[in-house]
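**Student:** sequence-free structure coming up:
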């Protein structure tokens, strides 16, 4: 019976593939509006640096798009002896400490007093030291570029790892307009559009690994990120900043469950989502939930740069502006679309005026024109 289970599973999937296309109808369930909003705590206690904690509230997706922040809270860190380290709010909903070095012989927690009078605290946790990354490498592969990392801890005190990464890349628009539309006429452009911008994105994926089943506390060639060879992020210059966190077993379990709840759903055989809270509790009302896990550890970072000239010969140059070239031409005077701002003039030619959409001209729509300090 057990040996036939994979076959039965494949048959079920095959039958579903045949039946589902014929019986799928749009379905919009009536989801009751959430009557309560719960605190969400995002961040960790930095053992060697500035601690940053972001406070927000849960909300019904159907009611708004912007995450509501928790403002005017009084937040501080404290150790088991009662010594407190205050955090100040700036910007709204974000609370930061001074640069601190936590004592590894003590345990610490986060304390929060919200503006509406509720008191919250995380569990006391030990301080862990995050080892540096041994290597952050990239390699060309069949379908694109892969980024791998390696790390280790000779003392075997880490064992549970989490990684985050932030990507930055250059954006070069295809057009540099010489004219503009102003006061019902075409004139030489007064304020040029930027010729270079920088895109930036922090990865939402949860990257975890543990070495508890290994004889050594070593992570080798962990596959962190893959980019297709036609990715516009590789057009000129690309950078990735990787942050490494050393976790406790409980903190790892929290992130692992969060990963399963957010990334491993969608098929009949995926695990069902479970309620996930963490180690933050409301001291003034046990029925009041809070979400998040506040650990205490140092942070290890490493950044690499990749330029297109380093990639294998024959890899295409893809700038992400394929649909913009060639530009259109407004032949019959000034196009109404120019007057309405849907098209921007680029240059005056014999056939009229070359035009393009603002997205094809202004790279600030895809990134920032401010050069990053590390670039």
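**Tutor:** Yep, that arrived. All figures in this text were calculated on a predicted structure; none of them were measured in a lab.
**Student:** ok, the residue nearest to residue 68 when sequence neighbours are not counted - how many residues close by?
**Tutor:** Counting by C-beta to C-beta, 6 or more residues apart in numbering, residue 68 lies nearest to residue 57, which is 4.5 Å off, once chain neighbours are set aside. Yep, even glycine has a C-beta here, placed from its N, CA and C like the rest. Per other C-beta atoms under 10 Å, the neighbour tally for residue 57 reads 16.
**Student:** 2 is where my numbering starts, stick with that
**Tutor:** With 2 as the first residue, the last one maps to residue 58.
**Student:** Look up which residues are beta-bridged to residue 58.
**Tutor:** With DSSP bridges applied, residue 58 shows beta-bridge pairing to residue 40.
**Student:** Next up, the contacts around it.
**Tutor:** Residue 58 sits next to 38, 39, 40, 41, 68, 69, 70, 71 when contact means C-beta atoms under 8 Å, 6 or more residues apart in numbering.
**Student:** what about it, distance to residue 311?
**Tutor:** Distance, residue 58 to residue 311, by C-beta to C-beta, to the nearest Å: 45 Å.
**Student:** just to revisit the earlier point, got a quick PyMOL command for the buried subset of the contacts of residue 58?
**Tutor:** With 16 or more other C-beta atoms under 10 Å as the criterion, this PyMOL line picks the buried residues out of these:
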select buried, resi 40+41+70+71
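**Student:** all helices of this protein, in order?
**Tutor:** Here the chain has its helices, by DSSP state H, at 6-24, 250-264, 337-340, 359-362.
**Student:** quick one: the strands in the stretch 202-351 of the chain?
**Tutor:** 208-211, 219-229, 238-247, 281-283, 291-292, 297-298, 300-308, 329-331, 345-350 (DSSP state E, counting those that start in this stretch).
**Student:** and of those, who's closest to residue 199?
**Tutor:** strand 238-247 (9.3 Å; C-beta to C-beta).
**Student:** quick one: that closest one to strand 300-308, angle?
**Tutor:** 160 degrees (axes from the mean of the first three to the mean of the last three C-alpha atoms, to 10 degrees).
**Student:** For the nearest residue to residue 358 once chain neighbours are set aside, give me its contacts.
**Tutor:** Leaving aside its sequence neighbours, residue 358 sits nearest to residue 344 (C-beta to C-beta, 6+ apart; 6.2 Å). By C-beta under 8 Å, 6+ apart, residue 344 lies in contact with 329, 331, 336, 338, 356, 357, 358.
**Student:** Take the residues you listed and, keeping just the buried ones, write it as a ChimeraX select command.
**Tutor:** With 16+ other C-beta under 10 Å as the criterion, this ChimeraX line picks the buried residues out of those:
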select :329,331,336,356,357,358
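**Student:** of all the contacts of residue 344, which comes closest to residue 214?
**Tutor:** Nearest to residue 214 among the contacts of residue 344, counting by C-beta to C-beta, is residue 358 at 53.9 Å.
**Student:** Can you verify my assumption that that closest one contacts residue 347?
**Tutor:** No - Residue 358 is beyond contact range of residue 347, at 10.8 Å (criterion: C-beta atoms under 8 Å).
**Student:** still on that earlier bit, which one of the contacts of residue 344 is nearest to residue 49?
**Tutor:** residue 358 (47.6 Å).
**Student:** any idea how far that closest one is from residue 338?
**Tutor:** Separation of residue 358 from residue 338 (C-beta to C-beta) stands at 9 Å.
**Student:** Could you do residue 59 as well?
**Tutor:** Distance, residue 59 to residue 338, by C-beta to C-beta: 43 Å.
**Student:** what do you get for residue 368?
**Tutor:** In terms of C-beta to C-beta, residue 368 sits 25 Å off from residue 338.
**Student:** same question, residue 280
**Tutor:** 56 Å.
**Student:** Same check on residue 92?
**Tutor:** Taking C-beta to C-beta, one finds residue 92 at 38 Å from residue 338.
**Student:** can you check residue 196 too?
**Tutor:** Separation of residue 196 from residue 338 (C-beta to C-beta): 24 Å.
**Student:** remind me which residues of this protein are low pLDDT?
**Tutor:** 2-36, 62-66, 265-276, 334 (pLDDT under 70).
**Student:** Domain parsing of it, as residue ranges.
**Tutor:** 37-129+249-295, 134-238+313-366 (automatic domain parsing).
**Student:** Compare the ones you listed and report which one is nearest to residue 302.
**Tutor:** Closest approach to residue 302 among the domains of the chain (C-beta to C-beta): domain 134-238+313-366, 8.0 Å.
**Student:** Distance across that closest one, terminal residue to terminal residue?
**Tutor:** End-to-end distance of domain 134-238+313-366 (C-alpha to C-alpha, to the nearest Å): 35 Å.
**Student:** next one: it to chain centre, how far?
**Tutor:** 15 Å (C-alpha atoms, centre = their mean, to the nearest Å).
**Student:** Next, give phi and psi for the residue nearest to residue 358.
**Tutor:** Note on residue 344: backbone dihedrals following degrees, to the nearest 10 are phi -130, psi 150.
**Student:** Can you tell me how far it is from residue 287?
**Tutor:** Distance of residue 344 to residue 287, computed by C-beta to C-beta: 60 Å.
**Student:** which residues touch the residue nearest to residue 45 when sequence neighbours are not counted?
**Tutor:** Nearest non-adjacent residue to residue 45, counting by C-beta to C-beta, 6+ apart: residue 296, 4.9 Å away. Residues near residue 296 by C-beta under 8 Å, 6+ apart: 45, 46, 126, 129, 246, 248, 249, 252.
**Student:** Show me how to select, in PyMOL, the buried members of those residues.
**Tutor:** To isolate the buried members of these in PyMOL, using 16+ other C-beta under 10 Å:
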select buried, resi 45+46+126+129+246+248+249+252
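**Student:** Residue 46 contacts residue 78, doesn't it?
**Tutor:** Yes - between residue 46 and residue 78 a contact is recorded at 5.8 Å, counting by C-beta under 8 Å.
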